[in-house]
Structure formats: C-alpha cells, structure tokens
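K.L.:
Requesting a structural model of the entry that follows:
(2 chains)
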Amino acid sequence: MHRRVFVRSGALALVTMGLSPSFLRRAVYGLQLPQAAKGKVLVCLFQRGAADALNVVVPHGDAEYYRLRPSIGIARPARTAGAAGSLDLDGFFGLHPALAPLRPLWDRKLLAPVHAVGSPSSTRSHFDAQDYMESGTPDQKGTRDGWLNRYLATCDTCEAGHAEPFRAVAMTPQTPRILQGPAPAVAMTSLESFTVRSAGGVSERLEALYRTGSADLVHATGAETFDAVRQLREANPQRYTAEHGAEYPRSEFGQRLRQIAQLVKSDVGLEVAFADVGGWDTHVNQGGATGQLANRLGDFAASIAALVTDLGDRMDDVVILTMSEFGRMARQNGNGGTDHGHAGSMFVIGGAVRGGQVYGRWPGLAREQLFEGRDLALTTDFRSVFGEIAERHLGAKSVASIFPGFEGTGLLGLLG
Amino acid sequence: MRLQLRSVVLPLLAVAGCAPRGTRDIAAPLMSSSSSSPAVREQTADEQVAHVLSRLTFGARPSDVARIREIGVDAFIAQQLQPQRIADQRLDAWLSQFETLDLSYAELQKAYPRPAEALQALNPANRNSLSPQDSAEFRRVAGGVRRVTTEVQSARIGRALLTQRQLEEVLTDFWLNHFSVFSGKSPQMRYAIAEYENRTIRPHAMGRFRDLLGAVAKSPAMLLYLDNWQSAADSGRPRTQPPRLAAGRNRGLNENYGRELLELHTLGVDGGYTQADVLNVARALTGWTFLPQRPDQARQLRRAVAARLPEPGTFFFNPGAHDAGEKTVLGRRLRAGRGIEDGEEVLDIVARHPATARHIATKLACRFVSDEPPDELVDRAAEAFTRTDGDIREVVRTIITSPEFFSAAAFRAKVKTPFEVVVSALRALDAAPDPSPRTAQVVANLGQPIYGRATPDGWPDVAAEWMGTGAILGRINFGLAVGANRLPGARPTDWPGASSLINADRDAQVDGVIATFLGSRVSPETRGILLSGRNPLHAGIATDGEREIPPLQGLAQLVGLAVGAPEFQRR
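P.N.:
The predicted model follows:
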C-alpha cells in the first residue's frame, strides 16, 4: 500500500493509491473538476399515478372529446381572455388552463407536447406500467436496470467526468427504478442533506477514518463521499438565489426543481436529473378547468416554468422531459373522474427543442379508434422519444443497447 | 473490482456475485472428507465469537460475547440451529401490542378498507365535499390502513432486535429477500404481507425447501406480486372444465411467476432451462389463484356464490383457468388432462433439480461467508441440499460449521445491508424496540425500505451494490444521529457497560466503544483517530495548514463516530 500526499492551494489530503482511477483523478483535479464534456443535461420528471392526458393536452378540435367528457371536459378556447377554456395551441389542441405558465414556452418554441404516446403494453397496473416506463422494456419483467442507468453505463458518451458523483442525481428518497443499475447515481431529497451533519471535529475524524488507507471498497467509497460533499459545499447551494425573476412554488416538487437548477448551475457534472410528483390518479371528482387535476397541473406548470426561467440561457443545453405511466380512459366515469387508460402525453422542453408544434399522430376518439374501445390509442412508442433524446441530446451512440429489442420508428424530429 | 462491475451492462449484473460461477459439472465428485473432519479454524477464539455473532445474529449485544465465550461457539451454533427450543417471551410480549400481525388477508381487508373504498362507503353519491364528521371518519380509516403496512415493518425490526432465535430471523430475512415481494405492487398487496412473513416464510425458514417453495407458490403475496393469480390458459388450450367466473381479469397466460420461479427462486439464471420451460411451467401453474377482493357487484356476488368461490385471500385451484394440455418441463413429461397436480409436480421437479441445490447453496454461502464464497464450500452445501432433500437447516449447518466459514478471509468480509446497520446499532446499544414507524423510516432512508424492493430479485447481498457516495453519507449521518440521541429507543450513553465508561479516561472509553461496536479489533490508525485530539487529516504532516481540533465531547460522540466508521459497515 502506497501513500501519497497531494498538496493543493493550502489544503492537504491523504490519498490512497491503488484505488479506482476515478478516485485518483478527482484527487488530482481537486475542486476544479471538468464539466461533463458536452455539458448536456436531461431532466426527467415523472408524474406518478397516470396523468389524464386528454385533459392536459386537450383535443378541443375533436368533437368526440366533448361527447365522452360531458362534465369534466375542458371547454374550447375562450374568445375572451380570462374564461376557463383550454389555451389554444394549434387550432386543434389546447393546454389545460392551469398550464398557463407553460404557454410562453410554447410561444417561444421551447415546448413540444407529444400526444398519444406511451407504452405499447396493454397493462393498466400502475406498478407494471411505471416499471416498464422506467426499465424501458415494455412487457419484459426480467429487466433489472433502468434505461437512464443503461444510458449512463454505456460509456461511449463523454470522455471526462464519468465517475463524477453528481453525474446522475435523483431528487427522491431512494434511487428510482429508472436510475437503478451498475452506473452510480445519487438519490437525495435536498442538496442541504448531502452533507455530514456534525460539528466539533467529528466530521474531520470520520473523514480520517475513511482515509486510513485501507484499500477496500468501504474506505474508498467513503473517501469519494467526502470529496463529493466538499465539491457540493464549494458550489454553496445554501446561498443560492433563483435568477431572472424565477419564482418556484413552495411545493415539494417546486423546491426539488429549484435544487436541480442549483446543481445545473453549480457545474458539478450533472448530466441526468430526476424528480417525481404524485397525485395524478384521479378516479373521483377530478374536476375540469378547476379542481383536483387543475391544482396538480398548476403546481406542475409553475414549477417547470420557474426552472426554465431560472436556467435562462443554460436551457440551450438542457432538455426537460415529462412522463406518466399511462393515460386515462377516454370516457369519464360515474364518479366525475377517469379510470386507467392507455396512451398519454409528454412534454419535451428545451432550447434545442423544435417546439411550437404538437408531435405524434392523433388517432381520434371515435369508438372504433379507441384502444380496446375505451382508451386513447398509441401512435408513438415512448422509446422513440426517450431514444431520440438520448441520442440527439445526450449523444448516446448505441440506443439499441439502451432499448434492447426496440426497432425504432424513425425520428420524430423533436430536436433541431 | 468495482470499476469492472460498473462497466458491465446490467444483464450480467443481475447475477453479479452470489451466483454459481462457471458451468461446473454438478455431477462431479464432491469433497466429502473435510465436512466431517475436525475443522481447522484460522480465526482466533475471540474472532470466532465475534464472527458467529456477526453472521448468525443481527449483531452482538453487549452481553453476548461473554455468554458465547462461556458456552462455546459450537454450542451456540447448535442452539441457534434449533430455534423451536429457544424461549422468546420478551419478543412475544412486545409483539402482542400490534393489532394487525396475526390477522389473515381477509380479516385485514375487512378491518382496514382502502381509502377509496372507505370514501365510497361514506360518500356513495359522490358529493363534492364530505361533512366534517365524515371527513374525520375518512381520515381515521385512511390512517388505519397505513398501520397495516407500518406495523409489519416495525415488527420486522423489533424481532431482529429482540428475538433469541437470531439465526431463524436471519434466515427469515434471507428467504423474504430470496422470495422478494413489493408492498407497492397494488393496493391489495398490503393485506398479504403479514401473512406472508408470519405464516408462509418464517415457519419454513429452516425447514424443507420444497415446503417453503410450495407455501410461497400458494401465498396471496406471491400470487399477486408475480401475477399468477390472473394467469389462465390461453384461449383454445384444452381445459378439463369450461371457464367459469374468472379470478380477476383472466386474459390468458402470464409468464411472470413461471419465469422468476426458474430464474430467481430455484434453478438460477444459468440453471439450464429454456424459454419453452418457462412457458410450460407457467402453463402448469395456470389456475393457481386467489381472489384479491370480494366481488363488489351483486350480480358478480351471486355468480361467485353459485361457483362456490372461497374467501378473498385464500388460495384455490381454478380448473376452468387451467391449461390441461400436455407439457414438458425440464425434460419431464406432464401428461394431459390433469389439474393442480401439474403445478405440484413442477414444484417437485424444480425443488430437486441439481441447479437449484447449487443456486441456493451459493446464495446461502454468500449470505453467511463472503461475496464470492469458495467453490469447495458451495459444492459441499449443494451436496447437503441434495442429500437431505432440501433440508435448509442441514445446508446452513454445513456452511456455518465449515473451515471456510471460520477462515481468516471470511472475517468481516461482508458489508452490512442498511437493515443490518440499523439493527446491529440497536443491538449494540441494547435499545428498546420502537413500535412507531420511525425506525423503519430510518432503514428506508438508508436505501432499503422494508417490503420496498420493486423488482423480484430482492436486495443485493454483495458489497459493491451497497457502496455509493450517497449510501456512505447516509450511513455516516446515521452514526451521527445515534450519537446525537436521535435513534428511537436507543441512548448513546445508556447501554450496558456505558455507566462505567462515562467518567473513565479517554483510553478506556475508546476501548470500551471499540469492544461494543466494532467487534474488539480495529487498526492502530482507527484507534488513534478515535483517541486523538489533533486533526487526524493533518497529523504527522509538517505544514502550515495544521491546526488542532477540539477533542470529542464525551462518550456519545465517540459512539456516533464508531457507528459511522468504516469498520461498523462490515460484519
């Protein structure tokens, strides 16, 4: 066992040789870590519970829609401002009025909704459908890792910064399925929590215990941990203020997006960020222009709009992708809600996104056009969207290994 | 090793560590001599004591070392292998406070309805708002159903902390993970968990593998989790009876359980089965089902009564859903026209398959010995499995009395899971068990929510999987929380032995904490860091950056440091 001492700008660290190259590289470069080579970031936002896509991106130009949803349907775009109609996008689709904060993104051509998109699996189980959306292998229950992790583990995307601790961060209590796998990913509920909570020399002693030089996995990982803590402390998230007048909602989701913005701006090598938000399983009294679903959408939109505002020009390198495990039944149920359905919708947002148009072929809502006679049919496989973003935005070279068995259906052209 | 592991894309990782390596010939001559010869034990007597405590229990309590020194390591092993002879009154008394643990699926479902069902009952007309009284009632009911999940989690921790039958509980934990189920699979899943743990797994944890496998196959928890309850013969397949009231939405064959039965539960991923075997195993198990809930419409109920369906939550065989065609499973022909015997015979075949013996032996050796257990040991354990027709107790005995178990290489070779980290800290502190959900939340925050593994492979049992920066940080902060007196039921300065240390000098405190929390033996450097009043990162380095840091504040900080230390992460 060898020991070296690296001296850098007044600080000293004992570094154990013979461990992982990533650990060494970090020790050598110290706090001036290189950014991920391309600096591209993907922010994945999961709406758990199956968001009602037909009331999110409203097909107000489809007369069947109002027949299927007599009391919860979102009205056609209002001719007068301030009324509770959908916010027209292209004469056929409109946004739910609670998504008003996203409307400017559409106008600036940063926002691309994708409709009738989702998993080809016919499952209507939340668990199974979330599992498929995160594993990226619909109807294959044997897949153990998540597709974002497979992206991270395919080491052909960027030269530097692979083993950076904050390359993949989930703002969740546990590592989500989508990030599980061999590539490291950190889960945390707040940046403030990513620290050693002690004073009076205890932290320094703990660090010393992990740097005693034992060349085993526990010690090596512990040493990396203290490096990571220091790296984040240097970035100083506590002193963060949002820029460009961005105002994040006080909700948990809003605050987590604020922290994702902090990570992006801290240049700690963030490449993939993840957050999720629940409350979409609206079987009962989901409401129309106002009510349960409108409240969820209001928070969702305000949080995303704040993130985009806050990131400013950095949005050129950022893509925000929203997803939900499936859509909901086309016809409203007897409880003023909607039951589990099939295809859904997604939002793709970013400076490089060819926004200002709705993607995906509209299958129609007439009975014979519905999936199994009841749900919005699928015209775009979610893997087409995921794969296109992995390849065109993040630079993945082998999408086939991220989505094994998926033939692909040609590019949607979401990214310029 | 870690980098290698991480550069491999996942299909391989699913079997990384703890999987039979290579394709060794199972019929090859097995070592037989060393299992009966007096074992050469590389570990010192004190190490053996620490070792059995770290592997056969969830961690040493302060009094355990002296007790095992007195009766001897071998007698302790023999005792633990016969749990039915060990009294456990303190645990039984503690468990009696919980309402939900002994209730069956049907009883739980009745007593703790789902929030949506409770809402429906309170508000059948779907008014937009509830009366204040109804709102209060709804909150009460919705809170009650959470108890079904939280009690079973708290009880898992309390049992591991309190039980005298430690090895049985270690094995219960092992099998619950081997036959992993996920409480978030569906809203009904919560009703199945207590029964699964207490009636399906624990009674068989040291029994015969075939009995355990059969109990699992018929458990509502596994039927629900891996979808077999709704697996039915594809249309056009031969049946002995016409389909009657379907259990659930029978839409044809579901291979999920059949696949995991072979890949995870028995033969293992390299166990030599084919996709045709998966398909035929699934066909053989069609009609093995239960009703997750009472039929909710009057018309359905009348049909259910007419069809004499059993209570919700009870296993039954539904011949109308069974594929009665001929099948071949792992080279054995199952003739056409049969019923439940098809599934029983499949379980017989896979339980006695040599690949299963090897797969189970490997996983047990991985649990008890090291992440990459020696082949010779796995051979002997597999041989014991086959010789005893899958007697789990004998396989475990083979492993934990082996020279490999007591080898120097096995000492502290394992990294604790988060559950083990928390419970071993509680045991070292001789803590009182916490009936609230708080401790389970601590385990979840460290990355291992109880009954929270979504995928059927269970939690990993190899170090590389548990060591990430976020994970280490969580463990360090857990140690500090223990030192700051924030772990429910545990007091960092109130454990047997602590009173004599509180006013002792620093040396004695450090040695006392090392003995209690770190199994006596640590490196001189670790001891020095615990003792030192100087900044250990700067010690010995002549530099202008050097500065003194204040000594630790008493015993509590020292305990926190020990629990957060790298040595505490190992067992």
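
K.L.:
Helix, strand or coil: sort out the closest residue to B:A444 other than its chain neighbours for me.
P.N.:
Among residues not flanking B:A444 along the chain, B:G452 sits closest, at 6.5 Å (CB to CB, 6 or more residues apart in numbering or on different chains). Where C-beta positions appear, they are placed from N, C-alpha and C, glycine not excepted. At B:G452 the chain is in coil, as set by DSSP: H, G, I helix; E, B strand; the rest coil.

K.L.:
Contacts only, for B:G452.
P.N.:
Shown in contact with B:G452 (CB atoms under 8 Å, 6 or more residues apart in numbering or on different chains): A:Q174, B:F182, B:S183, B:G184, B:A444.

K.L.:
do B:T526 as well
P.N.:
Counting by CB under 8 Å, 6+ apart, B:T526 touches A:L209, A:T212, B:L518, B:A565, B:E567.

K.L.:
how about 7 Å then?
P.N.:
Going by CB atoms under 7 Å, 6 or more residues apart in numbering or on different chains, B:T526 touches A:L209, A:T212, B:A565, B:E567.

K.L.:
Could you dump those residues into a markdown table with pLDDT and secondary structure added?
P.N.:
Output for the contacts of B:T526, formatted as a markdown table (pLDDT from 0 to 100; DSSP: H, G, I helix; E, B strand; the rest coil):
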| residue | pLDDT | secondary structure |
| --- | --- | --- |
| A:L209 | 93 | helix |
| A:T212 | 86 | coil |
| B:A565 | 95 | coil |
| B:E567 | 94 | helix |
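
K.L.:
re the thing from before, I'd like the contacts of B:G452 laid out as JSON lines, including neighbour count.
P.N.:
Formatted as JSON lines, the contacts of B:G452 follow (neighbours: other CB atoms under 10 Å in any protein chain shown):
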{"residue": "A:Q174", "neighbour count": "19"}
{"residue": "B:F182", "neighbour count": "20"}
{"residue": "B:S183", "neighbour count": "21"}
{"residue": "B:G184", "neighbour count": "16"}
{"residue": "B:A444", "neighbour count": "18"}
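
K.L.:
tell me the pLDDT at residue 285?
P.N.:
Using chain A. With respect to pLDDT, A:N285 scores 89.

K.L.:
nope, chain B
P.N.:
pLDDT, B:L285: 98.

K.L.:
With secondary structure and distance to B:G483 added, can I get the contacts of B:G452 in a markdown table?
P.N.:
Below are the contacts of B:G452 laid out as a markdown table (DSSP: H, G, I helix; E, B strand; the rest coil; distance: CB to CB, whole Å):
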| residue | secondary structure | distance to B:G483 |
| --- | --- | --- |
| A:Q174 | coil | 25 |
| B:F182 | coil | 34 |
| B:S183 | coil | 32 |
| B:G184 | coil | 33 |
| B:A444 | helix | 21 |
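
K.L.:
quick one: which of those residues is nearest B:G236?
P.N.:
B:F182 (33.1 Å; CB to CB).

K.L.:
Tell me the spacing between the closest residue to chain A within the stretch 251-400 of chain B and A:S122.
P.N.:
Here the stretch 251-400 of chain B gets closest to chain A at one residue, B:N256, 5.2 Å apart by CB to the nearest CB. Per CB to CB, to the nearest Å, B:N256 is found 14 Å from A:S122.

K.L.:
same check, this time on A:A153
P.N.:
A:A153 sits 30 Å away from A:S122, taking CB to CB as the criterion.

K.L.:
Now do the strands in the chain.
P.N.:
Here I'm looking at chain A. Secondary structure of chain A by DSSP state E: the strands cover A:3-8, A:11-16, A:41-47, A:57-58, A:87-88, A:94-95, A:111-118, A:168-170, A:186-187, A:272-277, A:318-324, A:344-350, A:380-381.

K.L.:
I was thinking of chain B, sorry if that wasn't clear
P.N.:
Counting by DSSP E, the strands of chain B are B:288-289, B:316-317, B:327-329, B:332-334.

K.L.:
Compare the ones you listed and give me the one nearest B:G560.
P.N.:
So among the strands of chain B, strand B:288-289 is nearest, using CB to CB, at 50.4 Å.
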